[in-house]
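1. With the input below, show me the fold.
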Amino acid sequence: MSWESCMNKSSRLSGFYQLSCEERAAIVAEWAELTPDERRVLQAGLSLGQASFMIENVIGLLTLPLGIATNFCIKDEDVLVPMAVEEPSIVAAVSFAARLARAGGGFRTGSSESVMIGQVQLLDLPRHDLATAAAAVRAAEADILAAANHLHPSIQARGGGARGLEVRPLPDTRAGPMLIVHLLFDTRDAMGANAVNTAVEAIAPLLETLTGGRALLRILSNLSDQRQAWAEVTIPVQALATTDLAGARVAQGIVEANAFAVADPYRAATHNKGIMNGIDAVALATGNDWRALEAGAHAYAARRGQYRGLTDWQLVPSLGAQAGAELYGRLQMPLAVGVVGGATKAHPTAQVALKILGQPSARRLAEIMVAVGLAQNLAAMRALVTDGIQRGHMALHARQVALAAGAQGDEVSAIAVQLVREGQIRQARAEELVRALGDERPSAHIGSDSR
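-> Alright, predicted model coming up:
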């Protein structure tokens, strides 16, 4: 299904969370026009046989819940967002924030070209020869790019390939002077790690000849600052109001909390973890490398010499017909994701997740993910400056506590409600409640044949 054919659909699914799993799956299947086999994949997922070909020494499978974030409008198009995550409240929180964003027209997004950085480390160059070696590399740029492209005709045919070089002298490392050559390589709809690694391997001998140095590391960088995505949202402050607080006060609190994250790395670490709660969950659902995304995000957050929060929230004058203020938020970060190759094609559930998203390009997927990250940040900040993060989170966490204590079926919700009512969301109390229900359960016949 193309994005054009999704344009008349609404992701504003009121009461979606109150439906059964089967009812929710049916709605999503209709939205994405899933085949019966694709719908079965949502429950069956990866087989043991498929898993044994993906990694080594396979002995089983670890299954995560796959949820749907609703209410997203991104670039004037409604989107249902698959998220694979184990932590309670993430899907609910991001869906709530996406609904708030609709009051301001949804999320505006953009992205740069899919340019990755491959690094070649050149050693055994005297300090005074670094400038000469760098000049030799720059003078031979056309030949170096041709060597990089030689092994990638299919990427070139799609408009990708080697785009340029950067040369970075590092004169004072603990291992002595070295010259680092960056190959800028457009990987199009692939994340591109394999293509970039192959390309830097190909150019390393030529770089040795040009500089007289010794090539050691030849590998991509996960600080993909040439491949970024960004999302913006503007929300009327009235939409942020709670039962107890005016919207203007909530908005001001979000701005003040964000300033804390920009100024203090201890707060910034948790602030950015919340952003990645959303981004990682979409990455997992679509078979993308969430570890690479984490590394790039946190390195980017420290690019100015201090680790900072990645978002920017400000109060701005309203540009609409009604005078007043609006809350403006922006998130920009490296996001190297792919929709071809790797687990995105090997994992059947990842393929279905991409279909639910409308078969996006890699850039469109990155824009969806950065919008989810901004929404997740909005939800967390609003909770922190109003009721506190624990109120909603712990109510959902209670179900996990009940499940871990041995509750079954309808007992899970009943015990969770009791834990919240008592304000004792503890494993020991949940186990007491499970034991109290034990006599009411049908007992298994001890002498039955268990063959």
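2. show me what contacts residue 37?
-> The contact partners of residue 37, by CB atoms under 8 Å, 6 or more residues apart in numbering, come to none. Glycine gets a C-beta too; all of them are placed from N, C-alpha and C.
3. any idea which helix or strand carries it?
-> Here residue 37, judged by DSSP states H and E, is contained in helix 36-44.
4. just the CA coordinates of that helix, formatted as CSV?
-> Provided in CSV are the C-alpha atoms of helix 36-44 (Å, rounded to 0.1, in the frame of the first residue of the first chain):
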residue,chain,number,x,y,z
PRO,A,36,-4.4,-13.8,6.1
ASP,A,37,-0.8,-15.0,6.2
GLU,A,38,0.5,-11.6,7.2
ARG,A,39,-2.1,-11.4,9.9
ARG,A,40,-0.9,-14.7,11.3
VAL,A,41,2.6,-13.4,11.3
LEU,A,42,1.5,-10.8,13.9
GLN,A,43,0.9,-13.7,16.3
ALA,A,44,3.3,-16.4,15.1
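5. Could I get the full set of helices for the stretch 351-451 of the chain?
-> 362-385, 389-404, 410-422, 427-438 (DSSP state H, counting those that start in this stretch).
6. Comparing those helices, which comes out most buried?
-> helix 362-385 (a mean of 26; mean count of other CB atoms under 10 Å).
7. Return the distance of that one from the chain's centre.
-> On the basis of CA atoms, centre = their mean, to the nearest Å, helix 362-385 sits 9 Å off its chain's mean C-alpha point.
8. swap in stretch 125-145?
-> So, by CA atoms, centre = their mean, the centroid of stretch 125-145 is 37 Å from its chain's centroid.
9. Any idea how far apart the tips of it sit?
-> 23 Å (CA to CA, to the nearest Å).
10. Report the next helix or strand after the helix holding residue 37 in sequence order.
-> Following helix 36-44 in sequence order, the next helix or strand is helix 48-54 (DSSP H and E).
11. returning to that earlier point: hey, least reliable of the helices of the stretch 351-451 of the chain by pLDDT?
-> Of all the helices of the stretch 351-451 of the chain, helix 389-404 carries the lowest average pLDDT, namely a mean of 70.
12. Count the residues that sit near residue 159.
-> As a burial measure, residue 159 scores 9 neighbours (other CB atoms under 10 Å).
13. quick one, what contacts it?
-> 186, 188.
14. Tell me the spacing between it and residue 188.
-> Residue 159 sits 7 Å away from residue 188, taking CB to CB, to the nearest Å as the criterion.
15. Show me which residues of the helix or strand harbouring residue 100 are buried.
-> Using DSSP H and E, residue 100 maps to helix 90-102. The neighbour-count criterion (16 or more other CB atoms under 10 Å) identifies 90-102 as the buried residues of helix 90-102.
16. and it, how far from the chain's centre?
-> Using CA atoms, centre = their mean, the mean C-alpha position of helix 90-102 is found 15 Å from that of the whole chain.
17. next structured bit after it?
-> Scanning forward in sequence from helix 90-102 by DSSP H and E, the next helix or strand is strand 108-111.
18. Pairing partners for that next one, with directions?
-> Looking at strand 108-111 with DSSP bridges, its partner strands are strand 228-236 (antiparallel).
19. if we can go back for a sec, list the buried residues of the helix holding residue 37.
-> Residues 38, 39, 41, 42 are the ones in helix 36-44 that count as buried (16+ other CB under 10 Å).
20. just checking, the second one touches residue 25?
-> Same thing as residue 39. Yes - look at residue 39 against residue 25 with CB atoms under 8 Å: they come within range, at 6.5 Å.
21. Which residue ranges make up the domains of this protein?
-> 4-111+227-387, 115-221, 392-438 (automatic domain parsing).
22. I'd like the average pLDDT over the second one.
-> Same thing as domain 115-221. Mean predicted confidence for domain 115-221 is 96.
23. Endpoints of it, how far apart?
-> Distance across domain 115-221, first residue to last, is 11 Å (CA to CA).
24. Just give me the neighbour total for residue 284.
-> 23.
25. For it, which residues are in contact?
-> By CB under 8 Å, 6+ apart, the residues touching residue 284 are 64, 83, 84, 85, 290.
26. Generate the ChimeraX command that creates a selection of the buried members of those residues.
-> With 16+ other CB under 10 Å as the burial test, the buried ones among the contacts of residue 284 are selected in ChimeraX as follows:
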select :83,84,85,290
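27. what's the closest of the contacts of residue 284 to residue 126?
-> Nearest to residue 126 among the contacts of residue 284: residue 290, at 41.8 Å, using CB to CB.
28. mind listing what that closest one touches?
-> Applying CB under 8 Å, 6+ apart to residue 290 gives the contacts 276, 279, 280, 283, 284.
29. Mind doing that once more with 10 Å?
-> For residue 290, the contact set (CB atoms under 10 Å, 6 or more residues apart in numbering) comprises 84, 276, 279, 280, 281, 282, 283, 284, 337.
30. And the buried ones among those residues, selectable in ChimeraX?
-> Here is the ChimeraX command that picks out the buried ones among these, judged by 16+ other CB under 10 Å:
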select :84,276,279,280,281,282,283,284,337
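31. The residue nearest to the spatial centre of the chain in helix, strand or coil?
-> Central residue of the chain (CA atoms, centre = their mean): residue 279, 1.8 Å from the mean position. Here residue 279 is recorded as helix under DSSP: H, G, I helix; E, B strand; the rest coil.
32. What distance do you get for the residue lying closest to it once chain neighbours are set aside to residue 255?
-> Nearest non-adjacent residue to residue 279, counting by CB to CB, 6 or more residues apart in numbering: residue 373, 4.5 Å away. Distance, residue 373 to residue 255, by CB to CB: 18 Å.
33. before we move on, what about residue 43?
-> Taking CB to CB, one finds residue 43 at 43 Å from residue 255.
34. What of residue 204?
-> Going from residue 204 to residue 255 by CB to CB gives 49 Å.
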